[in-house]
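Enquirer: I'd like to go over a predicted model; first the sequence, then the structure.
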Amino acid sequence: MEEDVFVQLYEKYHICVYRYLFSLTRHHPTAEDLSQETFVRALSVLQTPGVTIKAWLLTVAHNLYVDHVKKNRRLTYPDPEYFDNISQGDTETLITDKEHRREIYQLVLDLPEKQRQAVLLCIVNELSHQEAGKILGLTGSAVTNLIYRARKTLKTRRNKHEQ
């Protein structure tokens, strides 16, 4: 029974956890390793009442990422293939969409660490500001402030890039 629950949990959240970790590490093998470790740790809380699984998984993933960064100080793995698998459409639209997504992705990656993490947790992974705050060790209002500053920075940088 517990194995079925774990498989369902993995199928439902693996992509979310992996994308979050890949956005932080920018390295497929590292993101996959940290994702697997996140789900190994999930086995211990499967039957714990009152746990929001998605937020808990992203908390574990974040903590594993922080530990990984501490062990491996130099983490700059550019991965140009991140947005290669986008949805169907005509060729011109696909090229434009791919370029636009890569541009936005690069702008997000260039944000200061805390702003980038807040954006990834709240906007990309759709966590509440309170849930993201717990993961980052901040208050919900501090996360709101980080996202506000990130959006302002992204808008300014995008406008500069378009000129």
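Expert: Here it is on my side, so go on.

Enquirer: tell me, what residue is most central in the protein?
Expert: Tyr20 (2.2 Å; Cα atoms, centre = their mean).

Enquirer: Show me what the host helix or strand of that one is packed up against.
Expert: Remark: Tyr20 resides in helix 2-25, with elements defined by DSSP states H and E. Secondary-structure packing of helix 2-25 (3 or more Cβ pairs under 8 Å, 6 or more residues apart in numbering; DSSP states H and E): helix 28-42, helix 53-71, helix 113-119. The C-beta positions use only the backbone N, C-alpha and C, and glycine is treated the same way.

Enquirer: can you rerun that using 10 Å?
Expert: helix 28-42, helix 53-71, helix 91-109, helix 113-119 (3 or more Cβ pairs under 10 Å, 6 or more residues apart in numbering; DSSP states H and E).

Enquirer: weakest of these in terms of mean pLDDT?
Expert: Mean pLDDT is lowest for helix 91-109 among those, at a mean of 69.

Enquirer: May I have the residues that are in contact with Leu154?
Expert: By Cβ atoms under 10 Å, 6 or more residues apart in numbering, Leu154 lies in contact with 104, 107-108, 110-111, 115, 119.

Enquirer: Equivalent analysis for Tyr18, please.
Expert: Here Tyr18 is in contact with 28, 31-32, 34-36, 38, 61 (Cβ under 10 Å, 6+ apart).

Enquirer: Tell me the one of these nearest His129?
Expert: Proximity of the contacts of Tyr18 to His129 (Cβ to Cβ) peaks at Ala61, which lies at 18.2 Å.

Enquirer: So the closest one is in contact with Cys16, correct?
Expert: Yes. Using Cβ atoms under 10 Å, Ala61 makes contact with Cys16 at a distance of 9.2 Å.

Enquirer: Which of those two has more residues huddled nearby?
Expert: Ala61 (26 against 18; other Cβ atoms under 10 Å).

Enquirer: Not counting its neighbours along the chain, what's nearest the more buried one?
Expert: Distances taken as Cβ to Cβ, 6 or more residues apart in numbering place Thr38 nearest to Ala61, at 4.6 Å, with adjacent residues excluded.

Enquirer: Check whether the one you found really touches His14, as I assumed.
Expert: Yes. With contacts counted by Cβ under 10 Å, Thr38 reaches His14, the gap being 9.1 Å.

Enquirer: Domain map for the protein?
Expert: Following automatic domain parsing, one gets these domains for the chain: 1-77, 88-163.

Enquirer: Would you quantify the distance from the residue nearest to the centre of the chain to Leu57?
Expert: Between Tyr20 and Leu57 the computed distance is 9 Å (Cβ to Cβ, to the nearest Å).
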